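K.L.:
After the sequence you'll find the predicted model.
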Amino acid sequence: MIIESQAPTRIDLAGGTIDLWPLYLFHDNTQTINFAIDQYARCRLETRDDGKFIVESKDRGARVEASSLEELRGDDELSLISKLIYHFKPQTGLNITTDCMAPAGAGLAGSSALNIAVCGALNKLVGNRYPTERLPFIAINIETQVLKVPAGYQDYFPAVYGRVSRVKLDVEGVTREEVVTDLDELESRVALCFTGAPRNSGINNWEMYKKHIDREGDVVERFDRIRDTALKIDQALTANAFDKVGAIFAEEWASRRELVPTITTPFIDELIEIAKQNGGEAAKVCGAGGGGCVAFYCQPGRKADVETALSKAGGHVINYRIACEGLTVTQK
């Protein structure tokens, strides 16, 4: 049996970091806004008759072989995939191969999309043991075990559902709703550029997390402002008020820079200034920053100008389309 799956990555617009448990419980009306893009993470699994497990990551250039689930459980090389296999406990050996179109360390939630793609393939293999809506919660718990620090909820939902997501977080749990907006207009206003350096998610997210738990200075109020920008962008997108989004984008970025100055780099600052000189209204790093990708919100009709200027400055522009479909799984 052969099963193939793919899941889209995402561009986060507002509300990140506050989606870490239990931070969202300390704020009212907490949500994040992001949209899925066609930089896919993919998984291919093929059953084996000899009980062996061979796991290969094409984008990482890594390969692991194990003779049993117990042996695979202790793998540290491709630990996320190995732990997912152990959790689903297939009753057969496997060849499992993964790949991701997004650059490593891009801040586009490539690992979360890969997590969902692998979950989808393995779930299909074991007879759809879980409903699709449960997969984000399995994925985040296993990724947290691998990272050994809390993982944020928002990244798993665009991978499952595609389009624009409103991820709401409160005492009743975490839910996803679609933000209905003009996808073509949104796509025409957001340029995406990879800096060439990987982001530093562990340091930046954990630093913000600790500051919040310790209630350091005015950190809670700053997180309130991040929460507020997510609410504002939600309202603007829902109303198709795209001319209002740039200012909110800039507000979100300013709040993050105040929280963790290392979220930016001299090169990111340079790219942002160049974009503003060529039709960019605002920018923010994708994910936790310190490198990775930067999303630029552009004036109407100026996205191509911004992309050209970023390329000339040494940035790697990523051409994308909004992914209207999330996780797909096929069996051959």
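P.N.:
Ah, there it is. Predicted model only: the values in this text are computed from it and were never measured.
K.L.:
tell me the helices in the protein, going along the chain?
P.N.:
With helices called from DSSP state H, the chain shows them at 69-73, 79-88, 110-125, 135-147, 156-161, 183-189, 201-213, 219-238, 245-259, 266-276, 303-312.
K.L.:
count of neighbours near residue 90?
P.N.:
By other CB atoms under 10 Å, 16 other residues sit near residue 90. Placement of C-beta: from N, CA and C, glycine included.
K.L.:
What ranges in the stretch 151-300 of the chain fall below the confidence cut-off?
P.N.:
For the stretch 151-300 of the chain, the stretches flagged by pLDDT under 70 are 199-204, 289.
K.L.:
Kindly recompute the last result at 80.
P.N.:
Scanning the stretch 151-300 of the chain with the threshold set as pLDDT under 80 gives 198-208, 259-260, 288-291.
K.L.:
thinking again about what came up before, compare the helices of the chain and give me the one nearest residue 42.
P.N.:
Residue 42 lies closest to helix 110-125 among the helices of the chain, at 6.0 Å (CB to CB).
K.L.:
In contact with the nearest residue to residue 180 once chain neighbours are set aside, which residues?
P.N.:
Nearest non-adjacent residue to residue 180, counting by CB to CB, 6 or more residues apart in numbering: residue 238, 6.8 Å away. Under the criterion of CB atoms under 8 Å, 6 or more residues apart in numbering, the contact list for residue 238 reads 179-181.
K.L.:
Show the buried residues in those residues.
P.N.:
Neighbour counting over the contacts of residue 238 (16 or more other CB atoms under 10 Å) leaves 179, 181 as the buried ones.
K.L.:
Adding distance to residue 173, write the contacts of residue 238 out as TSV.
P.N.:
As requested, the contacts of residue 238 are exported to TSV (distance: CB to CB, whole Å):
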residue	distance to residue 173
179	19
180	22
181	25
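K.L.:
Got the domain ranges for this structure?
P.N.:
2-179+323-331, 183-317 (automatic domain parsing).
K.L.:
burial measure for residue 244, as a count.
P.N.:
If we define neighbours as other CB under 10 Å, then residue 244 has 14 of them.
K.L.:
And it, how far from residue 308?
P.N.:
Taking CB to CB, to the nearest Å as the measure, residue 244 falls 26 Å from residue 308.
K.L.:
and the top strand by length along the chain, what other elements does it pack with?
P.N.:
As assigned by DSSP state E, the longest strand anywhere in the chain is strand 30-48. Contact partners of strand 30-48 among helices and strands, from 3 or more CB pairs under 8 Å, 6 or more residues apart in numbering; DSSP states H and E: strand 2-14, strand 93-100, helix 110-125, helix 156-161, strand 164-170, helix 219-238.
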